[in-house]
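Chemist: model the structure of this input:
(chains A and B, ligands or ions: 1)
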Amino acid sequence: MGNLRPRIAVFAGKCVLLLLRLTGRKGTTLPGAVALKAAPDLLSWMGKQLSGRVILITGTNGKTTTANFLTNLLKLDGIDVIHNTLGANLLTGIATCLLNGLRPGTEQVAVLEVDEATMRHVVPKILPASIVVTNFFRDQMDRYGEVDHVMELVGQAISLGDPAMKLILNADDPLVAALGAIHESVIWYGIESTGLDTGDDGDVRDGRHCLVCGSQLKYQRVFYGGLGHYGCSFCEFARPVPTVPIMDVEAGLDKLQFTIWGMTGTLTSKALYNVYNAAAALIGASMMGVSTATLSLGMQNMETGLGRMERFDAAGRAVVLTLVKNPTGFNQALRVLETETAVEVQFILNDLYADGTDVSWIWDTNLERVLQQAQITRITASGTRAFDMAVRLKYAGWSGQIDVQPGDVQAVKTLLELPHGGSGPLYILSTYTSLYKVRDFLLNYKGGGAVAEV
Amino acid sequence: MQKFRIAHLYPDLMEVYSDRGNVIVLQQRMKWRGYEAEVDFVTVGETSTLRDYDIVFAGGGEDRQQAIVARDLLSRQGEMEAALQSGSLVLTICGSYQLMGHYFQTLTGERIEGLGLLDLYTVGSRNRLIGNAAGILQPQTGNGVNASGVSTVVGYENHSGRTYLGQGVRAWFEVLSGAGNNGSDAGEGAQQGGLYGTYYHGPLLAKNPHLADDLLQQAMARRGSPVQLSRLDDELELAAHRHILKKLQTK
Ligand SMILES: [Zn+2]
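Modeler: Coordinates of the predicted model:
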């Protein structure tokens, strides 16, 4: 009875889960922690139950959105999906999610977003059929260290996987492209053509030097951050030719349009990075056997999900909420903001562990550009580091009033109750630890200060 | 009016700790005072005459980049000395601060030569010293308590190297909170003439406007005629400064 112990562990974990539910809590990590204690090889056992039907998604930005897209596509095809919805992407969160959803003996598929540093603990146990790597940007140096180190960790994880495993890699990111050298089977995706004015954002480009020889990379085209069409000025390292090219990326009113495999899809988001997330998800879905007809249907009006450029109607006021956690994502959100008229902006900058305790990165954002280009009518700086944000805005050249409102939900409430001059929407750019709180608040906001019970 | 000129060294290689914020702060504070303030980027292989600049700035980078920068910096040794001689102010943070010393010895025992302009050396270690940090300006360095009366300095440190100071150099700050140069001698950063170095980023000058002005004031002195920089409204900056001090106190 070699697998008795994992089964007991599952039982123990489920008991904790039940207990937490009875006490009205969500429990995204504790049950997994308990079960892992009871049976350290729990993940291997779960991996066996799901053999050939697990896709892991990792990378700096876009993990959650890609996982959401992929889950939606699979569900549309009638597939039973296990998915760590709340972005609990560390070992205990992943164990909890599997504990919760796994039903041995069925044909379930698991879509798991996994933290970059956690990958090497998950891959050798779960042995996924496929791994998506979205991109590598500088992110939360206090936790992960330098980008090079994060790449190494992911590379190490890949080398611990099944040799037959398929990698789904972003060809436009030179740091991701470097992973192609360590694994046989790779599906590359990348933007082949777009009429969008992407231009150089002045973003920090973590990948601007060749990883093979250290020479400068030459870009024929930059989409954002270090992503684009590049090649080394000295050696042969260059952008891989996409196996799945993304064609004709164009902007529509409040959406983006793109073509993959000759089929045109739309995103209910104007942020370019979501095109990459959509492509990775479509490839993953197709690998899991989702039919072309379903893919074609599923790529219409793809929704980015919770707190990712999510639109709300807050008692008649249009509000857009999005997660920001590093300069690249922040700059992309700012690009979207530029397309609005008479917009109000609120930045919620926190420095708790999950946000990253070092908030220096706000100085690498291109606020200078957005303050010139966008029609902003009001700016509020909030969060635990509201003053840092205010100082950044001041030095970026914002000459108007900067409202400093530390805190999150209360600050949003205050702002919504002020008479607003413009007709445009309110954009809330928030770091992780305020995101879901603010989201819950917005969902239940009834105006006039009244908030329905959450 | 004469231009105020800032050289930003290796902005493409030594960029990971958002140090460019320091350059933005220096430039804006001069602009707000009516000066024409210009920033030039200087990177590997490019020729430059550093003594033409009022302030020369260099930030921190990743190990891979730091090795490239070290080679290039050594080729600028004479230029750097000439700049300091002419009264240019040189501010270095983290990685480039280490390179101003005699050498950096990595964990694997490899020795990266520095410029030796600061009498100090650095030894790599396994543990990173990470977190919000605060120090107090050493009054003897001459730029101590300024017009605003603030003598504390706040920043964020994130380094694995331990830096040890020799006789010819003194610490820039005395550690109030955090690890400082090496976690043991209560000193942070170093100053020798017009050359400054520190591990504090955050960026350093954004939340320490008094420090920014001290440096600017010193850099202006090279022009001969004494210039008194006008006061700016630093209410927001000092609120951010106090927030960190309070946060460290209540920890
Ligand atoms: Zn190369």
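Chemist: on the three-state scheme, the closest residue to A:Ile283 other than its chain neighbours is what?
Modeler: With sequence-adjacent residues excluded and distances taken as C-beta to C-beta, 6 or more residues apart in numbering or on different chains, A:Ile283 is closest to A:Ile168, at 5.2 Å. For the C-beta atoms, the positions are set from N, CA and C on the backbone; glycine is no exception. At A:Ile168 the chain is in strand, as set by DSSP: H, G, I helix; E, B strand; the rest coil.
Chemist: check contacts around A:Ile168.
Modeler: For A:Ile168, the contact set (C-beta atoms under 8 Å, 6 or more residues apart in numbering or on different chains) comprises A:130-133, A:186-187, A:189, A:280, A:283-284, A:287.
Chemist: repeat that for A:Ile376.
Modeler: A:Ile376 sits in contact with A:337, A:343-345, A:370, where contact means C-beta under 8 Å, 6+ apart.
Chemist: so which of those residues wins on neighbours?
Modeler: When neighbours are counted by other C-beta atoms under 10 Å in any protein chain shown, A:Val345 leads the contacts of A:Ile376 with 25 neighbours.
Chemist: before we move on, back to that, tell me the pLDDT at the residue nearest to A:Ile283?
Modeler: What the model reports as pLDDT for A:Ile168 is 98.
Chemist: helix or strand: which one has A:Ser296?
Modeler: Assigned by DSSP states H and E, A:Ser296 belongs to helix A:292-298.
Chemist: just the helices in the stretch 1-150 of chain B please.
Modeler: B:20-31, B:63-74, B:77-85, B:95-99 (DSSP state H, counting those that start in this stretch).
Chemist: most tightly surrounded among those?
Modeler: Of all the helices of the stretch 1-150 of chain B, helix B:95-99 has the most neighbours on average by mean count of other C-beta atoms under 10 Å in any protein chain shown, namely a mean of 28.
Chemist: next helix or strand past the helix holding A:Ser296?
Modeler: Counting by DSSP H and E, the next helix or strand C-terminal to helix A:292-298 is strand A:310-314.
Chemist: how about low-confidence regions in chain A?
Modeler: Low-confidence segments of chain A (pLDDT under 70): A:1-3, A:19, A:21-27, A:86-87, A:140-145, A:199-207, A:420-422, A:448-454.
Chemist: all strands for chain B, in order.
Modeler: B:4-9, B:37-42, B:55-58, B:89-93, B:103-105, B:111-113, B:120-123, B:129-137, B:152-159, B:162-165, B:173-177, B:187-188, B:190-192, B:195-198 (DSSP state E).
Chemist: strand partners of the shortest one, parallel vs antiparallel please.
Modeler: What that stands for is strand B:187-188. strand B:173-177 (antiparallel) (DSSP bridges).
Chemist: residue of chain A with the smallest distance to chain B?
Modeler: The nearest approach of chain A to chain B comes at A:Trp363, 3.2 Å away (C-beta to the nearest C-beta).
Chemist: can you tell me the closest non-neighbouring residue to that residue?
Modeler: Of all residues not flanking A:Trp363 in the chain, B:Gly21 sits nearest, at 3.2 Å (C-beta to C-beta, 6+ apart).
Chemist: do the same with A:Gln375
Modeler: Nearest to A:Gln375 is A:Thr341, by C-beta to C-beta, 6+ apart, at 5.0 Å.
Chemist: and for that neighbour, the neighbour number?
Modeler: 12.
Chemist: helix/strand/coil for it?
Modeler: coil.
Chemist: pretty sure it is touching A:Gln373, no?
Modeler: No: at 11.7 Å, A:Thr341 does not count as touching A:Gln373 under the criterion of C-beta atoms under 8 Å.
Chemist: the longest helix in the chain is where?
Modeler: The chain I'm using is chain A. Criterion DSSP state H: the longest helix present in chain A is helix A:4-22.
Chemist: not quite, I wanted chain B
Modeler: From DSSP H, the single longest helix across chain B is helix B:235-249.
Chemist: for that helix, the averaged confidence score.
Modeler: On average, the pLDDT along helix B:235-249 is 95.
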